[in-house]
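1. Below are the sequence and a predicted model; questions follow.
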Amino acid sequence: MYTHARQFPHISLPLRFTIRRLLVCTFLIAIACAWITRPIPRASTIVSFPKIQRADPKDVQIFYNTQVQLVKCVFVVRAAIRQLDKIDLPDELRKADWVAARMRVTPQSDIAFAEVSISSDKATADQLQTIVDSIVKAYEQEVVSVAKKTSMPR
């Protein structure tokens with residue numbers, strides 16, 4: 001006779017196995033829920049857009065919307081990745097298209113600023129912060145400083 005049967009004579013053997021299966025399934029479901037709801041690393045920073053001299057609000061809005069798109073542009077992301085050649089990053093963060101697709105540029109209440117953020121479970125928060133900072137720096141070098149040098153009218 002089973003030792004469990006002696007300890008719990010009032011519970012039948014099939015019921016004990018059913019309870020055990022139920023506990024195992026509950027444990028596995030709890031682990032799956034913890035895995036699914038785990039926090040995904042995220043990094044963000046604020047970028048400042050150049051000031052515009054025109055007074056027409058429609059022109060100002062168009063200009064800042066263009067700046068938001070330029071921050072997310074693949075050529076800016078490629079320039080940022082080139083700056084990080086000597087830093088150890090996951091392969092996904094070395095692909096400009098992959099990074100650009102996961103980036104978010106959210107204008108703030110003051111339209112001259114935007115939050116640049118990226119989130120991914122393929123990298124640590126520090127690695128993501130490095131790439132976001134590099135993207136903002138590349139935007140300033142590739143877009144803002146070139147616009148100032150060529151003195152594009154605004």
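-> All right, it came through fine.
2. What is the longest helix anywhere in the chain packed up against?
-> Under DSSP state H, the helix in the chain containing the largest number of residues is helix 13-36. If contacts are counted by 3 or more C-beta pairs under 8 Å, 6 or more residues apart in numbering; DSSP states H and E, helix 13-36 sits against helix 3-7. All C-beta atoms are positioned from the backbone trio N, CA, C, and that covers glycine.
3. Now with 7 Å, please.
-> For helix 13-36, not one helix or strand is in contact under the criterion 3 or more C-beta pairs under 7 Å, 6 or more residues apart in numbering; DSSP states H and E.
4. Could you look up the next helix or strand downstream of it?
-> Downstream of helix 13-36, the first helix or strand assigned by DSSP states H and E is strand 42-48.
5. Return the list of helices and strands in contact with the helix or strand just after that next one.
-> Sequence-wise, the next helix or strand downstream of strand 42-48 (DSSP H and E) is helix 57-72. For helix 57-72, the packing partners by 3+ C-beta pairs under 7 Å, 6+ apart come out as strand 103-107, strand 113-119, helix 125-139.
6. So which of these is the most surrounded?
-> For the helices and strands packed on helix 57-72, the largest average neighbour count (mean count of other C-beta atoms under 10 Å) is found in helix 125-139, namely a mean of 20.
7. hmm, who's touching the following helix or strand past it?
-> Moving toward the C-terminus from helix 125-139, the next helix or strand (DSSP H and E) is helix 145-149. Helix 145-149 has contacts (C-beta atoms under 7 Å, 6 or more residues apart in numbering) with Pro50.
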